[in-house]
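K.L.:
give me the fold of what follows.
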Amino acid sequence: MPEPILVGTKTQTIKQINSFLFAVQMPSGSKHLFRRIMGYVARERKLLCGVLILIIIGTFLNIMGPVIAGRVVDIAVLKSSSELWVYATAIILLTLSSGAVSFVREYLSGLMSQKVVYRIRVSIYKHLQDLSYSFYDKIDAGQIISRVSRDTENIGGMLGFAIPNLIASLSTLVTVAGILLATNLRLALIALTATPFILLVSLFFNRFVRPLFEKNWIEISGMSTIIQEGVSGFKVLKALGVENEMFKKFDRKNVEIYNIGMRITFLSAITWPSLGLIVGVGSAVLYWYGGIQVIAGGITLGQLVTFTMYLGMLVWPIMSIGFVLSRYAEAMISARRIFEVLDTEPEVKEKPNAIDLGKVKGEVRFENVTFGYEDKTVLKGLSFEVKPGEKVAIVGATGSGKSTIVKLIPRFYDPQEGRILIDGVDIRDVKISSLRRNIGIVHQDVFLFPTSIRENIAYGKPNATLEEIERVAKIARIHDYIISLPNGYDTVVGERGVTLSGGQRQRIAIARALLVNPSILILDDSTSSVDSETEREIYESLKELVKDKTVFIITQRLSTLKLAERIIVVENGRVIEDGTHEELVRKGGAYARLYLTQYAAQEVVK
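P.N.:
As a prediction, this is how the structure comes out:
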């Protein structure tokens, strides 16, 4: 259990208190961020106008309460009960009306904020789908989830609660101060003397709490990432016996969050009693001076009661200014993170005048393509051509650029130099959706959604019939296994397909790719998790189906290489050899050496 804040020696305590005292400013560009948020709010202008009108009505109803209470006191002092029932009825009606107005206002402001949050989330999610692979190479899932969920909730809290309350507080503050000054200047000045101190304490609280909120968000995002890693890598952690190491990593974050929470608690523990003390002293002075005025006949006892109640009404509006500023600052931090995502430009962009590619024959040509990840160049002036319907295997050592080549074909990335053409058309000139409709991809690292097997196979073609799904499942040699399950094709797989073996997941992924009937099929080590016999059966079934398709095969298995009509050997981002298996073996070059070291042993075993 971590130690609470403010423990230890006197020196440590002083250091802990001093740690709060650092200069803090509002997030840079807050006004700009707020204007952008208000752009979403503008679409709900009717709701906004309704909230503002109700705030004005609510303020009027609230200020009537002290007036009626003061009048009741004066009547009681005069020992005249004839009018009391009128004021009692007025108080009941006032309370009911105020409650009804407050309810409607809260509901409308909540409705407005939820609609805004909904639209912001839709904007983020749609934009996330448009972003390139490179964006996801640099950011972890925990941060994205936090921005879509927690940050949008912060903005919703500001719009639905903080800002309406700020407007209501300012309205009450101005109205009450005006009434007090107009009624009795001296008594009003005494009553208002406490307000600067209340404001000062509130701003002090906001100044030091806001950066703690920001740091807390960072730490919680980090903890979310650790939890996600621990859950996703559960089997690896168990296998390596390092669960305790992951727990220590988690606990460090948890302790830091705990300590931040305790700092916020410490500041709150100082702030609220301080505010109570200020109000108490202000009330005491007001009662003392007001009492003298009552005795002297300057004011009535009821007027003193009204003044005192108005003083109480000033406390929350002034306190709320600091609170709202804190929520505002927190929301602006969230807004900055949200708009960082929304302002991120996709590296792979579709031209305004992009053409629809239509159904392609499958000719693929790389012309002097250079590409790299950040500072690392992977492909260097790469050029080759694949004819329609040709089956090509791309081989090379680890890191040679094999997978990068096939990632460029569907425009997951764009080359820095050179161009890629399909059927003679530069892929940067066509609509991305029409390009990817023509390409089916099966990755080595298969992702399955936590839904039924049928839905997983039909993800690329949601309207596919069961007969179509079964046909591709049979080709992928997974149909027999599926129908053996209690719920058959309606069996729900676990998250990421953990209830299936690696080979079963890959076969489902192959079926999914085949269902869309692509002109170009990319098999990126797609049978690495199946046994050699199943792999042979899969490729025997594929032969007939992909006869008219262009197929790119990345594999480390000899049996798969023999199915390719042509082999391209890549080394250091360049094509160094190109030909059939037999031609390259006879040549005695890089492929022959690779064959002898990596594949010959497989052939001997067979």
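K.L.:
and stretch 433-440, C-alpha only, in CSV?
P.N.:
Coordinates of each C-alpha in stretch 433-440 appear next as CSV, following Å, rounded to 0.1, in the frame of the first residue of the first chain:
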residue,chain,number,x,y,z
SER,A,433,-11.7,1.7,-52.0
SER,A,434,-11.8,0.6,-55.7
LEU,A,435,-8.1,-0.4,-55.4
ARG,A,436,-8.6,-2.5,-52.3
ARG,A,437,-11.7,-4.2,-53.7
ASN,A,438,-9.4,-5.8,-56.2
ILE,A,439,-6.9,-7.1,-53.6
GLY,A,440,-7.3,-9.9,-51.1
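K.L.:
so in the protein, where's the weakest helix or strand by average pLDDT?
P.N.:
Ranking every helix and strand in the chain by mean pLDDT, DSSP states H and E puts helix 10-18 at the bottom, with a mean of 40.
K.L.:
can you name the next helix or strand after that one?
P.N.:
helix 30-41 (DSSP states H and E).
K.L.:
which helices and strands sit right next to that following helix?
P.N.:
Using 3 or more C-beta pairs under 8 Å, 6 or more residues apart in numbering; DSSP states H and E as the contact criterion, the elements in contact with helix 30-41 are helix 84-130, helix 301-342. C-beta coordinates here come from the backbone N, C-alpha and C atoms, glycine included.
K.L.:
which residue, other than its chain neighbours, is closest to Val369?
P.N.:
Beyond its immediate neighbours in the sequence, the residue positioned closest to Val369 (C-beta to C-beta, 6 or more residues apart in numbering) is Gly418, lying 3.8 Å away.
K.L.:
wait, Ile264
P.N.:
With C-beta to C-beta, 6+ apart, the residue lying closest to Ile264 is Leu212, at 5.4 Å.
K.L.:
repeat for Asp426
P.N.:
Using C-beta to C-beta, 6+ apart and skipping residues adjacent in sequence, the residue nearest Asp426 is Arg419, 5.2 Å away.
K.L.:
do Val324 as well
P.N.:
Closest residue to Val324 apart from its sequence neighbours, by C-beta to C-beta, 6+ apart: Leu166 at 4.2 Å.
K.L.:
for the helix or strand in which that neighbour is found, give me every contacting residue.
P.N.:
Counting by DSSP H and E, the secondary-structure element that holds Leu166 is helix 163-183. Helix 163-183 is touched from outside by 51-52, 55-56, 58-60, 62-63, 105, 109, 187-189, 191-192, 303, 307, 310, 313-314, 316-318, 320-321, 324, 328, with contacts defined as C-beta atoms under 8 Å, 6 or more residues apart in numbering.
K.L.:
among these, the buried ones, what's the PyMOL command?
P.N.:
Below is the selection syntax for PyMOL that covers the buried ones among the contacts of helix 163-183, with 16 or more other C-beta atoms under 10 Å defining burial:
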select buried, resi 51+52+55+58+59+62+63+105+109+187+188+191+192+303+307+310+313+314+316+317+318+320+321+324+328
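K.L.:
if we can go back for a sec, off-centre distance for the helix holding Leu166?
P.N.:
For helix 163-183, the distance between its averaged C-alpha position and the chain's averaged C-alpha position is 38 Å (C-alpha atoms, centre = their mean, to the nearest Å).
K.L.:
what does stretch 588-601 give?
P.N.:
Taking the mean of its C-alpha atoms, stretch 588-601 sits 48 Å from the chain's own mean (C-alpha atoms, centre = their mean).
K.L.:
what is the helix or strand where Arg512 lies packed up against?
P.N.:
Mapping Arg512 onto the secondary structure by DSSP H and E places it in helix 502-515. Helix 502-515 sits against strand 439-442, helix 453-457, helix 466-475, strand 520-524, helix 532-545, with contacts defined as 3+ C-beta pairs under 8 Å, 6+ apart.
K.L.:
comparing these, which yields the minimum mean pLDDT?
P.N.:
Ranked by mean pLDDT, the helices and strands packed on helix 502-515 bottom out at helix 532-545, with a mean of 67.
K.L.:
which SSE is immediately downstream of that one?
P.N.:
Sequence-wise, the next helix or strand beyond helix 532-545 is strand 550-554, with elements assigned using DSSP H and E.
K.L.:
got the CA coordinates for that following strand in PDB?
P.N.:
Taking Å, rounded to 0.1, in the frame of the first residue of the first chain, the C-alpha atoms of strand 550-554 are listed here in PDB:
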ATOM      1  CA  THR A 550      -2.400 -12.600 -59.900                       C
ATOM      2  CA  VAL A 551      -0.900 -14.100 -56.700                       C
ATOM      3  CA  PHE A 552       1.900 -12.800 -54.600                       C
ATOM      4  CA  ILE A 553       3.300 -15.400 -52.200                       C
ATOM      5  CA  ILE A 554       5.700 -14.700 -49.300                       C
END
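K.L.:
show me the contact partners of it.
P.N.:
Applying C-beta under 8 Å, 6+ apart, the set of residues contacting strand 550-554 is 362-364, 386-395, 402-403, 405-406, 409, 519-525, 560-561, 563-564.
K.L.:
which ones among the residues you listed lie within strands?
P.N.:
Among these, the subset assigned to strands under DSSP state E consists of Val364, Val386, Lys391, Val392, Ala393, Ile394, Val395, Ile520, Leu521, Ile522, Leu523, Asp524.
K.L.:
tell me how far the last one lies from Val585.
P.N.:
In this case it means Asp524. Noted for Asp524: a distance of 24 Å to Val585, by C-beta to C-beta, to the nearest Å.
K.L.:
what of the fifth one?
P.N.:
Per C-beta to C-beta, Ala393 is found 14 Å from Val585.
K.L.:
more neighbours, those two?
P.N.:
The residue with more neighbours, out of Ala393 and Val585, is Ala393; 23 against 17, by other C-beta atoms under 10 Å.
K.L.:
quick one on the thing from earlier: quick one: contacts for the residue nearest to Ile264?
P.N.:
When contacts are counted by C-beta under 8 Å, 6+ apart, Leu212 is found next to Ile260, Arg263, Ile264, Leu267.
K.L.:
show me what the mean pLDDT comes to for the one helix or strand it maps to.
P.N.:
Counting by DSSP H and E, the element that carries Leu212 is helix 194-232. Per-residue confidence for helix 194-232 averages out to 76 on the pLDDT scale.
K.L.:
so that helix versus helix 301-342, what angle?
P.N.:
Taking axes from the mean of the first three to the mean of the last three C-alpha atoms, to 10 degrees, one finds that helix 194-232 is oriented at 40 degrees with respect to helix 301-342.
K.L.:
and helix 194-232, how far from the chain's centre?
P.N.:
Remark: helix 194-232 is offset 18 Å from the chain centroid, using C-alpha atoms, centre = their mean.
K.L.:
between that helix and helix 163-183, how big is the angle?
P.N.:
Interaxial angle of helix 194-232 relative to helix 163-183 (the same axes, to 10 degrees): 170 degrees.
K.L.:
just the buried positions in helix 194-232, please.
P.N.:
Along helix 194-232, the positions that meet the burial threshold by neighbour count (16+ other C-beta under 10 Å) are 194-195, 197-199, 201-202, 204-214, 216-226, 229.
K.L.:
now the helix or strand encompassing Gly70 and helix 84-130, what's the angle there?
P.N.:
Secondary structure assignment for Gly70, by DSSP H and E: helix 45-77. If you take the same axes, to 10 degrees, helix 45-77 sits at 160 degrees to helix 84-130.
K.L.:
show me what helix 45-77 is packed up against.
P.N.:
Using 3+ C-beta pairs under 8 Å, 6+ apart as the contact criterion, the neighbours of helix 45-77 among helices and strands are helix 84-130, helix 163-183, helix 301-342.
K.L.:
now do the last one and helix 30-41, the angle between them.
P.N.:
It refers to helix 301-342. Per the same axes, to 10 degrees, the angle that helix 301-342 makes with helix 30-41 is 90 degrees.
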